[in-house]
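J.: no sequence on hand, only this structure:
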């Protein structure tokens, strides 16, 4: 069961799919491919057991150019080391385009944990993009929004 904080953060991201793109570009400084459309995609896939992602955002310019799997993470959960890479490669295969993982972690300790590369074996690593308190400017009032 999810918490109200998890649901609130996810609601903001679902209601404005382009927000994930803006955060990746501005807060993380990552250059993304040019696109003409940003939209949500189904975040549900069937495996031997059900694994649903929080949100999938697709950058498109007549064809998919980048899928972003978005996960809101409030606590350290070692099981994510196994599910996050699976989410990304599944979306990559389904959309037939490069795919990245974006973790939104409002707690700095959780953000640092989530930013650790995941060892896939044989020298391969999977590293999510992570938005945590240290990379997202805190807005303390209406005047701060205009800065």
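T.: Cool, the structure landed. Owing to the predicted nature of the structure, the values given are computational and were not obtained by experimental measurement.
J.: tell me the helix or strand right after the longest strand seen in the chain.
T.: Determined from DSSP state E, the single longest strand within the chain is strand 64-72. Remark: after strand 64-72, the chain's next helix or strand is helix 80-95, criterion DSSP states H and E.
J.: distance from the chain centre to the next helix or strand after that following helix, please.
T.: Moving toward the C-terminus from helix 80-95, the next helix or strand (DSSP H and E) is strand 99-104. With Cα atoms, centre = their mean, to the nearest Å as the basis, strand 99-104 stands 3 Å off its chain's centre.
J.: swap in stretch 25-39?
T.: Distance of stretch 25-39 from the chain centroid (Cα atoms, centre = their mean) equals 12 Å.
J.: about what we covered before: other SSEs contacting the longest strand of the chain?
T.: helix 4-15, helix 18-26, strand 55-60, helix 80-95, strand 99-104 (3 or more Cβ pairs under 8 Å, 6 or more residues apart in numbering; DSSP states H and E). Where you see a C-beta, it was placed from the backbone N, CA and C, and this is true even at glycine.
J.: hmm, 10 Å instead?
T.: On a contact count with 3 or more Cβ pairs under 10 Å, 6 or more residues apart in numbering; DSSP states H and E, strand 64-72 meets helix 4-15, helix 18-26, strand 37-41, strand 55-60, helix 80-95, strand 99-104, strand 129-131.
J.: neighbouring strands - and their directions - for it?
T.: Applying DSSP bridges, strand 64-72 is found paired with strand 55-60 (antiparallel), strand 99-104 (parallel).
J.: now the last one: mean pLDDT?
T.: Translated: strand 99-104. In this model, strand 99-104 has a mean pLDDT of 96.
J.: one more: the first one?
T.: Confidence over strand 55-60, taken as the mean pLDDT, stands at 92.
J.: and it, how far out from the chain's middle?
T.: Centroid separation for strand 55-60 versus its chain: 10 Å, with Cα atoms, centre = their mean.
J.: do you know which of the helices and strands packed on strand 64-72 lies nearest residue 123?
T.: Among these, helix 80-95 comes nearest to residue 123, with 14.5 Å by Cβ to Cβ.
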